[in-house]
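Peer 1: Build me a structure from this.
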Amino acid sequence: MPPVLFLLMLLGVLISSGEAMSQEEKHKLRNQVVEMFDHAYQNYMDHAYPADELMPLTCRGRVRGLEPSRGDVDDALGKFSLTLIDTLDTLVLLNKTTEFEAAVRRVLSDVRLDNDIVVSVFETNIRVLGGLLGGHSMAVMLKEGGQHMQWYQDELLHMAKDLGLRLLPAFNTSSGLPYPRVNLKYGVRGPETRTGTETDTCTACAGTIILEFAALSRFTGDPVFEAHARRALDFLWEKRQRNSNLVGTTINIHSGEWVRRDSGVGAGIDSYYEYLLKAYVLLGDDQFLQRFNIHYASIMKYISQPPLLLDVHIHKPLLPARTWMDSLLAFFPGLQVLKGDIRPAIETHEMLYQVTKKHNFLPEAFTTDFRVHWAQHPLRPEFAESTYFLYKATGDPYYLEAGRTILDNLNRFARVPCGFAAMKDVRTGSHEDRMDSFFLAEMFKYLFLLFADAEDLPFDIEDYIFTTEAHLLPLSLSTAPHSSSVPLNRTSEEELDDSNFDWTCPNTRLLFPDPAFPRNLREPIRTAVDKSCPRPAPYREPGMGRPPLRAQDFMANNPEHLELLRRMGVSLIHLKDGRVQLVQHATQAVSAVAAEDGVRFMQEMMELSSQQQKEQLPPRAIQIVSHPFFGRVVLTAGPAQFGTDLSKSSTGVRGFVTVAEPYSGCTEITNADYVQGHIALLQRGQCMFAEKARHIQKAGAIGCIVIDDNEGSSSDTAPLFQMAGDGRNTDDITLPLLFLFHKEGNILLEALKEYREVEVLLSDKARDRGVDIHETEEDCLTEATTPTSFAPTDQSLMSTVELDESAPGEVPPSQEEVSSVEEDTRPTEEVSPLEEDARPTEAETDMAQPKEEKDSERREEPEGDTDSSNQSVDELLADWREDLEAFQQMEKDEL
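Peer 2: Predicted coordinates for the structure are as follows:
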């Protein structure tokens, strides 16, 4: 079957399920996309280049080794101007050929690929190699047009081959699966590489290579790259679970054993399925389609529970592995469009759209009853991707409105003077100081294509296929000469089953004889998400009895309980902070039955933790609303267990800030005349929080912000705190108190130095630019939950819980989860951790970042530490002033 036929369904037929959007409105939104891209791209070039990424809150570049380590997330950074390379083909698509030509010249003159740095093979392949190949494709297309890039002599392709050769040492394993990391200069062998000791990689990490490597082989005529990518895919296929035809999330690169046996379509697996189907489209090898269709049938049988997509165990596919979904599965409706299975695509997309409208963005993870599970949102593009493909397939203007919602939310909640900032917590609207390169590479491509007409595009988009990073590879590569030494993906004992090709290129008219049909599919899903949030009953495997020890009965100082735990393979580790860690290793249990009991004991611990979390206070927001910020800067703040409950205030507390004297607030305030009627700034330390609160309340303050005295602390790298009382009655404290880490506090102090009057809003969540707008929300939107299902008993298990009033944070069901039990309460402590963190912990990041390597046992230590205040206040706030005029125009246009 010619691969180009696979894209025919994207032409679709027009199906009207609502009022069509006018051409004028579409053009306005198209132009708005371009303006937003310019804002993001120009701020990267002005404030960050040649750094890999922009830090939009502090208006500077993120350079690896100069910022505190973020763990695996930083493996995408290789000191190769990542954002610029990732953006090359976006520039062309948005008709910015002059900027593209300048960008290519910068890449050729400035970027080095031989840095002594360890990077993710997966991320470097999809972002950098894909970016270079997409840029090369665009350069060739423009050169053939005769007007631009006439000087171009395949320089980007030469860089791509150089990078491909630097990635090849990672594939030197007995299985053919690549190491997760490689040193760009030294490879994976030898002490100077600082890598090569890893044993595990994620399925997506090993299975998302074929498009870029095959394109490199066919562009250059060197078959070695395609051969290695095919070998890795062959090995993954052979290791699938033969009964369920599903693959796990993490695999041992040497033995091929599945390390994590949960299977889904989200983080850790997502783009493996995507690349099987797209490899058929690009390369024309029927075997890729055969494999995809076998996997797809199992996905629809076991994982798909329309409109939900829930992970299962590969050996027991009827057993759910978790009760929540991660945001990366939002790409799947778009892949279903490419497959031609439109109905479930509509249903899942509608569920995602309703969750988006509830929380403004897709939370990084959310539960089956649509509560926030992980609250952060790093401006991921997958929902926009599926929205575009569904619009292409159906022509339904409903999806244009969905695209408008994405645009509005980005401008209202993520836009800051120096770009667009990721959301640290979708519930509070607080920001994180990051703007990942994929935001420019993917988000603006899909949104522009959604609103653009064919005549707005500089080339025919149907001649290209999107990689998982939305880089453009020409379909003409399917006929490009390639060496016969590249084996076809055929397995001797398998014959092609023609039935698996059914509905590959559907007749949309037959699928939707009634124009209202898509609307009829969406309506019940919208109703289900809009309802109050019912709690599903915890899953119990049929035929299994209760464990001999219940979690609610457990006492850490009871010898009988400790013996029962030992028999179940559960051990205790005492922590310095007074808690104990529960660790379950099924192999250490006295029997298989005891191991099962241990798993369910840990599950009950997590359920108990989930119930206790209701008593926890979520993060709060401090929004700078005065000139020139106008509510664009939102700082994540920790709450207090006493004082005004901001969640019960429809307007929050708004006022100008002033520094109290003494700064510690531990004695009577000496500048009470200045503090009166203001929000006081105090420094943490020297006395109890309640004592500080009483002093500034006596001075007439209307609120208090306590700033951490630990220099360099940041909510980016540490869990939030909630401020505890002093063990006495605190009903006399009636003003709101919030806690800021040093980095966030410094932003506020620097603004106060530059502007004599700085006004802030203290609230439970950030308000729109019109900060007086009252927005209400159901309780279910702000309540986090904890997974209640766990991995099979042949994996070690940990979880984090506490049995006293301080409930723990959310813990994903990864292989290793930490369970901590508070042995005593300590009311005299000044600060207690806010267990419900506004971002994933390092263990959580393993699940929440599918486009990062998933080796939770390895964490790179920061090579250096740079205080966020290094940039002068003049530079920092001058940048914000530059954009003041643009923001005033935005207000005028009501973006």
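
Peer 1: contacts, neighbours, all on C-alpha from now
Peer 2: OK.

Peer 1: Helices along the stretch 601-750 of the chain, start to end?
Peer 2: Per DSSP state H, counting those that start in this stretch, the stretch 601-750 of the chain carries helices over the ranges 672-675, 689-698, 742-754.

Peer 1: Mind giving me the packing neighbours of the helix or strand following the last one?
Peer 2: Think helix 742-754. Heading C-terminal from helix 742-754, the first helix or strand you meet, by DSSP states H and E, is strand 759-763. Applying 3 or more Cα pairs under 8 Å, 6 or more residues apart in numbering; DSSP states H and E, one finds that strand 759-763 contacts strand 620-624, strand 653-659.

Peer 1: quick one: which of those is nearest residue 61?
Peer 2: Nearest of these to residue 61, taken as Cα to Cα: strand 620-624 at 22.7 Å.

Peer 1: thought residue 363 was touching residue 377?
Peer 2: Yes - assessed by Cα atoms under 8 Å, residue 363 is found in contact with residue 377 at 5.5 Å.

Peer 1: between those two, who's got more neighbours?
Peer 2: When residue 363 is set against residue 377 and neighbours are counted by other Cα atoms under 10 Å, the residue ahead is residue 363, at 29 against 22.

Peer 1: residue contacts, that one?
Peer 2: 326-327, 356, 372-377, 426 (Cα atoms under 8 Å, 6 or more residues apart in numbering).

Peer 1: Show only the entries of these found in helices.
Peer 2: Using DSSP state H, the members of the contacts of residue 363 that fall in helices are residue 356.

Peer 1: could the contacts of residue 363 go into JSON lines alongside distance to residue 393 and pLDDT?
Peer 2: Shown next, in JSON lines, are the contacts of residue 363 (distance: Cα to Cα, whole Å; pLDDT from 0 to 100):
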{"residue": "326", "distance to residue 393": "25", "pLDDT": "96"}
{"residue": "327", "distance to residue 393": "22", "pLDDT": "96"}
{"residue": "356", "distance to residue 393": "22", "pLDDT": "96"}
{"residue": "372", "distance to residue 393": "30", "pLDDT": "93"}
{"residue": "373", "distance to residue 393": "32", "pLDDT": "92"}
{"residue": "374", "distance to residue 393": "32", "pLDDT": "93"}
{"residue": "375", "distance to residue 393": "31", "pLDDT": "93"}
{"residue": "376", "distance to residue 393": "31", "pLDDT": "95"}
{"residue": "377", "distance to residue 393": "27", "pLDDT": "97"}
{"residue": "426", "distance to residue 393": "30", "pLDDT": "94"}
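
Peer 1: now the contacts of residue 363 as CSV including distance to residue 753?
Peer 2: Conversion of the contacts of residue 363 to CSV gives the following (distance: Cα to Cα, whole Å):
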residue, distance to residue 753
326, 41
327, 40
356, 38
372, 37
373, 38
374, 35
375, 32
376, 30
377, 31
426, 30
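
Peer 1: longest helix of the protein?
Peer 2: Max-length helix for the chain by DSSP H is helix 23-47.

Peer 1: as a whole number, average confidence for that helix?
Peer 2: Across helix 23-47, pLDDT averages out at 97.

Peer 1: What is the distance between that helix and the centre of its chain?
Peer 2: Centroid displacement of helix 23-47 relative to its chain, using Cα atoms, centre = their mean, to the nearest Å, is 23 Å.

Peer 1: Report the next helix or strand after it in sequence order.
Peer 2: For helix 23-47, the following helix or strand on the C-terminal side (DSSP H and E) is strand 53-55.

Peer 1: roughly how far out does the following helix or strand past that next one sit from the chain middle?
Peer 2: Sequence-wise, the next helix or strand downstream of strand 53-55 (DSSP H and E) is strand 60-62. Centroid displacement of strand 60-62 relative to its chain, using Cα atoms, centre = their mean, is 20 Å.

Peer 1: Pull up the pairing partners for strand 60-62, direction included.
Peer 2: strand 53-55 (antiparallel) (DSSP bridges).

Peer 1: what do residue 363 and residue 377 both touch?
Peer 2: With contacts taken as Cα under 8 Å, 6+ apart, residue 363 and residue 377 have residue 426 as neighbours in common.

Peer 1: picking up where we left off before, switch the helices and strands packed on strand 759-763 over to TSV; also include mean pLDDT and distance to residue 445.
Peer 2: Formatted as TSV, the helices and strands packed on strand 759-763 follow (pLDDT from 0 to 100; distance: least, Cα to Cα, whole Å):
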stretch	mean pLDDT	distance to residue 445
strand 620-624	92	31
strand 653-659	94	39
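
Peer 1: Adding mean neighbour count, write those strands out as JSON lines.
Peer 2: JSON lines is the format used below for these (neighbours: other Cα atoms under 10 Å):
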{"stretch": "strand 620-624", "mean neighbour count": "29"}
{"stretch": "strand 653-659", "mean neighbour count": "22"}
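
Peer 1: among those strands, which is nearest residue 442?
Peer 2: Of all the helices and strands packed on strand 759-763, it is strand 620-624 that lies closest to residue 442, at 28.9 Å by Cα to Cα.

Peer 1: Now for residue 299, how many residues are close by?
Peer 2: Residues within reach of residue 299, counting by other Cα under 10 Å, total 23.

Peer 1: returning to what we had before: and of the helices of the stretch 601-750 of the chain, who's closest to residue 594?
Peer 2: For the helices of the stretch 601-750 of the chain, proximity to residue 594 was assessed by Cα to Cα; helix 689-698 is nearest, at 46.2 Å.

Peer 1: can you pull the buried residues of the closest one?
Peer 2: 689-697 (16 or more other Cα atoms under 10 Å).

Peer 1: helices and strands around that helix, which ones?
Peer 2: strand 703-707.

Peer 1: Now do the strand it packs on: everything it contacts.
Peer 2: Here strand 703-707 makes contact (Cα under 8 Å, 6+ apart) with 653, 678-684, 693, 696-697, 735-742, 745.

Peer 1: CSV for the buried residues of helix 689-698, including pLDDT?
Peer 2: Below are the buried residues of helix 689-698 laid out as CSV (pLDDT from 0 to 100):
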residue, pLDDT
689, 88
690, 88
691, 90
692, 93
693, 93
694, 93
695, 94
696, 94
697, 94
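
Peer 1: Looking at the contacts of residue 363, which are in strands?
Peer 2: Those of the contacts of residue 363 mapping onto strands are 326, 372-374, per DSSP state E.

Peer 1: For residue 351, state which of the residues you listed is nearest.
Peer 2: Among these, residue 326 lies closest to residue 351 (Cα to Cα), at 13.1 Å.

Peer 1: how close does that closest one sit to residue 353?
Peer 2: The gap separating residue 326 from residue 353 is 14 Å, by Cα to Cα, to the nearest Å.

Peer 1: again with residue 272
Peer 2: Residue 272 sits 24 Å away from residue 353, going by Cα to Cα.

Peer 1: now residue 125
Peer 2: Residue 125 is 30 Å from residue 353, by Cα to Cα.

Peer 1: for residue 638, same thing?
Peer 2: According to Cα to Cα, residue 638 stands 30 Å off from residue 353.

Peer 1: picking up where we left off before, between the buried residues of helix 689-698, which is nearest residue 217?
Peer 2: Comparing those against residue 217 with Cα to Cα places residue 689 closest, at 63.2 Å.

Peer 1: correct me, but the closest one touches residue 723?
Peer 2: Yes - counting by Cα under 8 Å, residue 689 touches residue 723, with 6.8 Å between them.

Peer 1: who has more neighbours, residue 638 and residue 353?
Peer 2: Using other Cα under 10 Å, the more surrounded residue of residue 638 and residue 353 is residue 638, with 29 against 25.

Peer 1: residue ranges with poor pLDDT in this structure?
Peer 2: Residues of the chain that meet the criterion pLDDT under 70 lie in 1-19, 481-517, 527-528, 530-548, 552-553, 555-557, 573-581, 607-616, 726-727, 768-895.

Peer 1: Show me the helices in the stretch 301-450 of the chain, by range?
Peer 2: Using DSSP H, counting those that start in this stretch, helices in the stretch 301-450 of the chain cover 332-339, 342-359, 382-394, 398-409, 437-438, 444-451.
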